[in-house]
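Student: Give the three-dimensional model of this entry:
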Amino acid sequence: MRIARKSGPTLKPATLRAKAIAAGKVRENLKITVFALSAALPAAELAEFLEGQLAQLALNSQVHVAGPERVKAALAGRFNEADVLVVVGDGSATAEPALMELVQWLLLNGRTALAENLVYVQLGARTSATPAPVFERVVLPMNFAEQTQQSGRRLPWAAASHESWELADAVLNYATGLSAE
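Tutor: Below you'll find the predicted structure:
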């Protein structure tokens, strides 16, 4: 079950600190796997972006990158050691079927808890015809990595992090048990 949450630029580190403290009490070290549905998607940049936001919240975390090969990721232990799975897709017609195929694979391979703690990041604009998935969905611009690198800030994730805390909020919801049932 998803909970209602704030979105947009009103989410700030100060409003997420309580969730980060709660997540720190639940888990000493939050482990996150960012899984790309396609090799063309910027999973490493998204992982760095998320890791930077969680560091700014003073939350101990490890963010790993995997995908698009599920078996290779499983053999590397990326699914066993994750508390939250962040799946990165785009706005194409094949993205959500690939997401559902991944979820089915997780369920068939005994990783039900990970399938329940899944955040779907859609890069690009959300189309109104696209039904909302059961999972928490965060929409980021396709060029979010370019925007953060061109910001001129010392840390590349800092520019977008002040504008968009939705991903960190969704991860913290799952880490503290607020979204998954």
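
Student: What degree of burial does residue 56 show, as a neighbour count?
Tutor: For residue 56, the neighbour count with other C-beta atoms under 10 Å is 19. Backbone N, C-alpha and C define where each C-beta goes, glycine included.

Student: Quick check: phi and psi on it?
Tutor: Dihedral pair for residue 56: phi -70, psi -30, per degrees, to the nearest 10.

Student: Next one: it from residue 17, what distance?
Tutor: Noted for residue 56: a distance of 10 Å to residue 17, by C-beta to C-beta, to the nearest Å.

Student: ditto for residue 44
Tutor: Separation of residue 44 from residue 17 (C-beta to C-beta): 27 Å.

Student: ok, residue 171 - contacts?
Tutor: Residues counted as contacts of residue 171 (C-beta atoms under 8 Å, 6 or more residues apart in numbering) are 30, 32, 50, 54, 84, 86, 119.

Student: if I look at the fourth one, how far off is residue 62?
Tutor: Pointing back at residue 54 there. The spacing between residue 54 and residue 62, counted by C-beta to C-beta, is 10 Å.

Student: Just want to know which of the two has more residues nearby.
Tutor: The neighbour comparison of residue 54 against residue 62 (other C-beta under 10 Å) goes to residue 54, with 24 against 14.

Student: doesn't the more buried one fall inside a helix?
Tutor: Yes - assigned with DSSP: H, G, I helix; E, B strand; the rest coil, residue 54 falls within a helix.

Student: follow-up on the earlier one: for residue 54 and residue 62, list the residues in contact with both.
Tutor: Common neighbours of residue 54 and residue 62 (C-beta under 8 Å, 6+ apart) are residue 30.

Student: would you list every one of the strands in the protein?
Tutor: Using DSSP state E, the strands of the chain run over residues 30-36, 61-66, 84-90, 118-123, 136-140.

Student: do you know how far the spatially most central residue of the chain is from residue 37?
Tutor: Geometric centre of the chain, nearest residue: residue 86, 3.5 Å, by C-alpha atoms, centre = their mean. Distance of residue 86 to residue 37, computed by C-beta to C-beta: 11 Å.

Student: Show me the shaky parts of this protein.
Tutor: Scanning the chain for pLDDT under 70 picks out 1-15, 23-26, 126-134, 145-164, 178-181.

Student: let's see 80
Tutor: 1-28, 125-135, 142-164, 176-181 (pLDDT under 80).
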